[in-house]
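my questions are about this predicted structure, shown below with the sequence.
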Amino acid sequence: LHYRKGIARHFKNRLMLSRLPSLPDPAYPLIGHAYLLRGDPSRFFEFVTETTNAMVTEVNEKIGILWLGPVPLMVVCHPEAAEVVLRSSKHMEKSYLYKFLHPWLGTGLLTSGGEKWKQRRRLITPSFHFNILQDFLEVMNEESGKLINNLKKKLKSGVKVDVGKAVTMCALDIICETAMGQTVNAQENDDSSYVRALYRISELIQLRQKTPTLWWDPAFSRMKLGKEHENLLSILHGFTRDVITKRAKTRDQKIVENPRRMAFLDVLLHAETEDGKTLSLNDIQEEVDTFMFEGHDTTAAAMTWAIYVIGRHPDIQKKIHEELDAVFGEDRGGTITNNQLQKLSYLERVIKECLRLYPSVPFYARVLSEDCKVGDYMVPKGTQTVIFAHTIHHHPYVWEDPEKFDPDRFLAENCVKRHPYAYIPFSAGPRNCIGQKFALMEEKVILSKLLHNYFVVSHDKKEDLVINGDLILRSSTPLNITLEARK
Ligand code: HEM
């Protein structure tokens, strides 16, 4: 009976899916729309943006079905459809694409679901309290100070600087210090085994997500890539496990004998669930690893894009410089206070507009926990659903002149009429990004230090860029940006 019910449900689901709008390009049995990739997985981002843009402009639908091989994905390209999925507390489970993160991150906040997620979210939310962010501001000041000193040294000695990389290493030092209370000194040495493993594992995860032949764990673990994956996991877990164990040993001495800054890890070590239990070392490790993954590459990509865009718009850069001069005066290396950060309203609008044009996480996925009405269509329970933030942020019926860089879109008076799910770089609803205040603070500190000291020039034209956006949106080659010291 169970089996028959399963088959009946399967056919009912297929019937419901067949009524959903399809993409302009046909889907073929077994391969679906994958032939549009032309055998080149590196075209994945180009492929999904082209397809979803066609949904928007040619079919003018808010959702559609994209067949990734034999798997149907509901693509969401409009704020109204995104709201149905993201606002609901029912569709909070992550899609199967996140399963490739499990070997590294376990089921921490990003990848967990159900009761476990609810409990963890309640427990971790206080880590982003204003007072703790104040401690983190100190770290951000120190690390961005090192960034400027390093840049000065390199520019003085005529060394060519990869600005994106310098900013990324600074963001990595900040997250290590704030998540674990441990420095990896990536700004001094970007070649440590931990740093290398962090980047390589992200590459392998992305590769697995878009290559069905690498999906089956028993086969993958026997491959060369699978063995490398295992090796990277032992480096990453070994490092964080070691830090957590050491920190746990000195947990109770902290305040009296060993005053030091609070890290997320300390909050987790002291946290208690509703039934009075503390988190196990494994639980803590899941969350620390999650912060290491979610908490720096996202911010680094956002800052790199912001520097690129600012470097293409001298008029806007001039306004930023005027604001920085008004707030900081001649002091180009001092400690930035929270009060000063509040005054950087133009820079904040620039950051927001850059995240619209280049959202660090261009799409994210859920699985529907029950049948769901989206616009005029019924979508069956179990459908893998991908929210295309990048497409929504460029939707021509939602944003006027969407390709134009215009920070004033984020003036309060211009936001009031906009759909609340038109701008979703941090996702939205109950499962939004827990770190968004942290990220905005970090971006403001680093960008204001950098731009107060330098005039940036970006030499690549937008139309010449090849963008890669599997997990994080970035240019596939380093952006050619130069710095000129401000007089
Ligand atoms: C510009 C920077 C950032 C962007 C654009 C960003 C974006 C996002 C997005 C889109 C999600 C939802 C992902 C999904 O539904 O699968 C998310 C979730 C999350 N982010 Fe961020 N993020 C940023 C920075 C950070 C930082 C700095 C941290 C931590 C310090 C962080 C921690 C997390 C965590 C833990 C989640 C999972 C939340 C949950 O499911 O409850 N993020 N982020």
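Noted; the coordinates are in hand.

where does this protein dip in pLDDT?
The chain contains residues with pLDDT under 70 at 1, 37-42, 251-260.

show me where it has strands.
In the chain, the strands defined using DSSP state E lie at 63-68, 71-76, 363-367, 372-374, 377-379, 384-388, 454-458, 467-468, 474-475, 481-485.

any chance of the ones you listed in JSON lines with distance to the ligand and mean neighbour count as columns?
Yep, even glycine has a C-beta here, placed from its N, CA and C like the rest. Listed next are the strands of the chain as JSON lines, based on distance: least, C-beta to the nearest ligand atom, whole Å; neighbours: other C-beta atoms under 10 Å:
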{"stretch": "strand 63-68", "distance to the ligand": "17", "mean neighbour count": "22"}
{"stretch": "strand 71-76", "distance to the ligand": "12", "mean neighbour count": "22"}
{"stretch": "strand 363-367", "distance to the ligand": "4", "mean neighbour count": "21"}
{"stretch": "strand 372-374", "distance to the ligand": "17", "mean neighbour count": "17"}
{"stretch": "strand 377-379", "distance to the ligand": "18", "mean neighbour count": "18"}
{"stretch": "strand 384-388", "distance to the ligand": "8", "mean neighbour count": "23"}
{"stretch": "strand 454-458", "distance to the ligand": "19", "mean neighbour count": "19"}
{"stretch": "strand 467-468", "distance to the ligand": "15", "mean neighbour count": "18"}
{"stretch": "strand 474-475", "distance to the ligand": "12", "mean neighbour count": "21"}
{"stretch": "strand 481-485", "distance to the ligand": "19", "mean neighbour count": "16"}
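
for the stretch 151-300 of the chain, which residues are neighbours of the ligand?
Residues of the stretch 151-300 of the chain found near the ligand (C-beta under 6 Å from any ligand atom) are 290-291, 294-295, 298-299.

now do the stretch 351-487 of the chain
Looking at the ligand, the residues of the stretch 351-487 of the chain close enough under C-beta under 6 Å from any ligand atom are 360-361, 364, 425-427, 431, 433-435, 438-439.

of all those, which comes closest to D401?
Nearest to D401 among those, counting by C-beta to C-beta, is P425 at 19.1 Å.

I7: neighbour count?
I7: 9 surrounding residues under other C-beta atoms under 10 Å.

from memory F128 sits against I434, does it?
Yes: assessed by C-beta atoms under 8 Å, F128 is found in contact with I434 at 6.2 Å.

quick one, which of those two is more surrounded?
Shown here are F128 and I434; by other C-beta under 10 Å, I434 has more neighbours (20 against 16).

next one: the residue of the chain found nearest the ligand from T337, what distance?
With C-beta to the nearest ligand atom as the measure, G435 is the residue of the chain nearest to the ligand, at 2.3 Å. Distance, G435 to T337, by C-beta to C-beta, to the nearest Å: 21 Å.

more neighbours, those two?
More neighbours surround G435 than the other of G435 and T337, with 24 against 13 (other C-beta under 10 Å).

what's the domain layout of this protein?
For the chain, automatic domain parsing gives the domain ranges 1-90+362-424, 121-360+425-485.

any idea how far apart the tips of the longest one sit?
Taking C-alpha to C-alpha, to the nearest Å, the span from the opening residue of domain 121-360+425-485 to its closing residue is 44 Å.

same check on stretch 58-74?
End-to-end distance (C-alpha to C-alpha), stretch 58-74: 17 Å.

how far is that stretch from where the chain is centred?
Mean-position distance between stretch 58-74 and its chain equals 23 Å (C-alpha atoms, centre = their mean, to the nearest Å).

rewinding a little: so can I have JSON lines of the domains of the chain showing distance to G114?
JSON lines is the format used below for the domains of the chain (distance: least, C-beta to C-beta, whole Å):
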{"stretch": "domain 1-90+362-424", "distance to G114": "10"}
{"stretch": "domain 121-360+425-485", "distance to G114": "11"}
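
what's the closest of those to Y98?
Nearest to Y98 among those is domain 1-90+362-424 (7.2 Å), distances taken as C-beta to C-beta.

quick one: that closest one to chain centroid distance?
Remark: domain 1-90+362-424 is offset 19 Å from the chain centroid, using C-alpha atoms, centre = their mean.

over to stretch 124-138?
A distance of 19 Å separates the centroid of the chain from that of stretch 124-138, by C-alpha atoms, centre = their mean.

quick one: that stretch near the ligand?
No: on the criterion C-beta under 6 Å from any ligand atom, stretch 124-138 is out of touch with the ligand, staying 7.4 Å away.

and that stretch, C-alpha only, in CSV?
C-alpha atoms of stretch 124-138 as CSV (Å, rounded to 0.1, in the frame of the first residue of the first chain):
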residue,chain,number,x,y,z
ILE,A,124,23.5,31.5,18.5
THR,A,125,21.5,34.7,17.9
PRO,A,126,22.9,36.4,21.1
SER,A,127,26.4,36.0,19.6
PHE,A,128,25.5,38.9,17.3
HIS,A,129,24.4,41.1,20.1
PHE,A,130,25.5,44.8,19.8
ASN,A,131,27.9,44.4,22.8
ILE,A,132,29.7,41.5,21.2
LEU,A,133,29.9,43.2,17.8
GLN,A,134,31.6,46.1,19.7
ASP,A,135,34.4,43.6,20.6
PHE,A,136,34.6,42.5,17.0
LEU,A,137,34.9,46.1,15.9
GLU,A,138,38.2,46.2,17.7
